[in-house]
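Student: Need a 3D model of the following:
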Amino acid sequence: MSSISKVLCLPGYLQSGATFARKSSGLRKVLSKKLNIQLDYISPCHKINSKHELGFPLASTEEESDKVWDQVVENENNVRWFAHLGPNDNKGLSQSIDHIIDYIDKNGPYDGIIGFSQGAAMAVMITNCIKNKLPAHPDFKISMFVSGFVLTEAKNGDNSATNREKINSLSNLNQYCDDVKISEEPAKFLIDPKTNESYGKVLNTEIILVYGKNDAIVTPVRSEYITTLYNSKNIHVFPHDGAHLVPNDKKFVGPISELFDQKVNHGKL
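Tutor: Numbers count the residues shown, from 1 in each chain. The predicted structure is shown next:
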């Protein structure tokens with residue numbers, strides 16, 4: 001067992017480990033330099049070979065899109081954990097779970113995990129399934145999900161873009177819960193089939209949830225849904241006034257770093 005406190009960091013869609021490290025510089029500096037926690041930023045394992053695989057335009061014109069894509073490739077950000085093609089159709093998801101678990105097995109143990117956006121969706125699943133996948137690995141002491149979400153589908157079976165947009169625009173979490181269910185593939189990593197309860201309900205892992213009140217990519221209610229997977233006494237929610245990003249303001253990062261200190265370093269700060 002390593003005596004060094006270690007936290008695994010999972011980037012979002014179109015984001016390498018190096019890019020995520022740069023985008024989370026405020027948090028990274030406090031955790032690594034002040035708390036002496038080793039942060040391991042790894043890149044998503046699936047390469048995106050063409051901008052046409054994205055399913056959305058990178059710019060208003062083809063010429064501008066090509067320029068943006070060239071920059072993405074140059075910075076090695078043409079990666080993802082999975083391609084969401086529809087309900088229960090998340091290409092590469094299971095392989096990415098195996099990839100992360102294998103990395104943890106070879107480089108761990110890890111005291112915690114941090115994920116952003118698609119990386120946060122992965123971090124939720126890894127938090128919940130780590131005991132099943134690696135029985136010798138302890139539960140994470142702390143898990144931080146930034147602009148995260150759970151892969152869900154409409155309970156009524158209407159997974160049209162219009163209905164999904166309507167559901168995701170909800171502001172009331174209870175109403176959102178009434179309208180969605182966790183999709184079958186991610187449920188394998190999140191839900192105990194014996195009890196039909198979230199594996200997270202029996203964890204002592206401290207959960208930090210960060211989301212932007214003005215996030216149009218992952219709406220607040222989608223991030224808030226993560227709280228239903230864990231015991232309320234373990235959850236700490238930090239909304240911010242920004243959009244789809246990792247806040248780096250010292251005042252915002254301060255209380256979060258204190259939680260890492262208490263849970264990972266046992267208050268050595």
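Student: can you tell me how far the residue lying farthest from the centre of the chain sits from A216?
Tutor: Centroid-distance maximum for the chain: E63 at 32.1 Å, with Cα atoms, centre = their mean. The gap separating E63 from A216 is 26 Å, by Cβ to Cβ, to the nearest Å. C-beta coordinates here come from the backbone N, C-alpha and C atoms, glycine included.
Student: Over to H99?
Tutor: H99 is 29 Å from A216, by Cβ to Cβ.
Student: neighbour count winner among these two?
Tutor: H99 (17 against 10; other Cβ atoms under 10 Å).
Student: and the residue lying closest to the more buried one once chain neighbours are set aside, what does it touch?
Tutor: Using Cβ to Cβ, 6 or more residues apart in numbering and skipping the chain neighbours, the partner closest in space to H99 is C45 (4.4 Å). Counting by Cβ atoms under 8 Å, 6 or more residues apart in numbering, C45 makes contact with 79, 81, 92, 95-96, 99.
Student: Report the buried members of those residues.
Tutor: Buried members of the contacts of C45, counted by 16 or more other Cβ atoms under 10 Å: 79, 81, 92, 96, 99.
Student: Which of those fall within strands?
Tutor: Using DSSP state E, the members of the buried ones among the contacts of C45 that fall in strands are V79.
Student: quick check, nearest of the buried ones among the contacts of C45 to S171?
Tutor: The closest of these to S171 turns out to be W81 (Cβ to Cβ; 27.8 Å).
Student: how about the strands in the stretch 151-269 of the chain?
Tutor: Residue ranges of the strands in the stretch 151-269 of the chain, as given by DSSP state E, counting those that start in this stretch, are 152-154, 180-182, 191-192, 197-198, 206-212, 235-240.
Student: Comparing those, which comes out most buried?
Tutor: Comparing those by mean neighbour count (mean count of other Cβ atoms under 10 Å), strand 206-212 ranks first with a mean of 23.
Student: returning to that earlier point: determine which two of the contacts of C45 are furthest apart.
Tutor: Farthest pair in these (Cβ to Cβ) is V79 and Q95. Separation: 13.0 Å.
Student: Please enumerate the shared neighbours of those two.
Tutor: Common contacts of V79 and Q95, defined by Cβ under 8 Å, 6+ apart, comprise 45-46.
Student: Extract the residue ranges of the stretch 1-150 of the chain that are flagged as low pLDDT.
Tutor: 1-2 (pLDDT under 70).
Student: That one: helices as residue ranges?
Tutor: 17-23, 25-29, 62-74, 93-107, 118-133 (DSSP state H, counting those that start in this stretch).
Student: K141 and D111 touch, don't they?
Tutor: Yes: here K141 reaches D111: they are 4.8 Å apart, a contact under Cβ atoms under 8 Å.
Student: Next up, the contacts around L58.
Tutor: Contacts of L58 by Cβ under 8 Å, 6+ apart are 51, 64-65, 68-69, 72.
Student: ok, now S43?
Tutor: Going by Cβ under 8 Å, 6+ apart, S43 touches 11, 16-18, 76, 79.
Student: From D40, how far out is N107?
Tutor: N107 sits 7 Å away from D40, going by Cβ to Cβ.
Student: Having no further points to raise, I will conclude here.
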